[in-house]
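Engineer: the following comprises the amino acid sequence and a computationally predicted model.
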Amino acid sequence: MRVWGERYNRDLQRYNLALRMIAHEARTHTICDWTGLPDDKIRHLYQSYVDEHGKRHVLRRRGPSPQSLAFFFGTARSRSEAAALVGLCYLLEVLPTSALDNPRRELPSVARGERLCDAFEMYQQLVPETPMTLEHLVLLVMTVSQGQEFEVTQCAGCGGVVVLDRSGLRRGNCTHCNEHRHIEADAER
Ligand SMILES: [Zn+2]
C-alpha cells in the first residue's frame, strides 16, 4: 500500500508539472524531458487542457523550440532580462553551481522542473510584459549550465549578475551601469 502511495504521488507530481508547463506553452518534447512522461500522455493532457481552456491558449506553442541565443543579446533590454533570469535561477537552484557535460541529460528532473516553473512564474510576476517564454528559459538554463557559450559574472559597478556572450566582446558591466557610465562621460564632456 505504501509503495503504491509513493508511486501515485510521484505520478501526480509529474502530471502537475506537465500541466504547469502546458499552461506556459512549452513544447511536447520539452515536457517529456522534464516530467519523464511519454509523449502520448502529454498529448492527451494537452487535449484536456484545450477542452477546458479553449484553443486560443495553445496556439502560440506551434513551431520548433527557440534555438537562437541571439535572442538574449539583441537589445540592452534582453541582456538585462537574461541576467535577471539567470540570477533568479541560481537563487532557486534551477542552475547547478558547476558546469555540466550534458545538461540535456543531467539537468531535467521533476523537482528541478518545479523550481524552473517557480522561477519563470516569479519572473512573470515581476516583469509581466516580458517576451521571454518558458522555452526561452529552458534554452538559457541549458546553455548557461554547459558553461561554454555564456559566461556568468558579476557587474564591476553594482555586483549584479551579468551574462556575457563568449562569442562576442562585451564589457563586463550590467546594462544599467553601462548606461550610467555613458551618461557620466557625456556630462564630463
Ligand atoms: Zn551594474
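Structural biologist: Looks like it arrived, so ask away. Treat the numbers as computed from the prediction; the structure is a model and nothing was measured. Residues are numbered from 1 along each chain as shown.

Engineer: please list all residues in contact with Phe150.
Structural biologist: Phe150 makes contact with Leu69, Thr143, Val144, Val163, Leu164, Asp165, Arg166 under the criterion Cβ atoms under 8 Å, 6 or more residues apart in numbering. Quick note: C-beta positions are derived from backbone N, CA and C, even for glycine.

Engineer: try it again at 6 Å.
Structural biologist: Thr143, Val144, Val163 (Cβ atoms under 6 Å, 6 or more residues apart in numbering).

Engineer: how much space separates it from Glu6?
Structural biologist: Separation of Phe150 from Glu6 (Cβ to Cβ, to the nearest Å) stands at 38 Å.

Engineer: where does this protein have low pLDDT?
Structural biologist: Low-confidence segments of the chain, defined by pLDDT under 70: 1, 56-65, 167-171, 182-184, 188-189.

Engineer: what residues does it have near the ion?
Structural biologist: Cys155, Gly157, Cys158, Gly160, Cys174, Cys177 (Cβ under 5 Å from the ion).

Engineer: for the residues you listed, which one is nearest His24?
Structural biologist: Gly160 (25.9 Å; Cβ to Cβ).

Engineer: what helix or strand is Val152 on?
Structural biologist: strand 150-154 (DSSP states H and E).

Engineer: so where do the strands sit in the protein?
Structural biologist: Assigned by DSSP state E, the strands in the chain fall at 150-154, 161-165.

Engineer: just the ones you listed: most buried one?
Structural biologist: strand 161-165 (a mean of 21; mean count of other Cβ atoms under 10 Å).

Engineer: put the alpha carbons of it into PDB.
Structural biologist: Extracted as PDB, the C-alpha positions of strand 161-165 are listed here (Å, rounded to 0.1, in the frame of the first residue of the first chain):
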ATOM      1  CA  VAL A 161      24.600  39.300 -12.400                       C
ATOM      2  CA  VAL A 162      25.900  39.800 -15.900                       C
ATOM      3  CA  VAL A 163      25.600  37.200 -18.700                       C
ATOM      4  CA  LEU A 164      28.400  37.600 -21.300                       C
ATOM      5  CA  ASP A 165      28.200  36.100 -24.700                       C
END
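
Engineer: kind regards, and thank you for your time.
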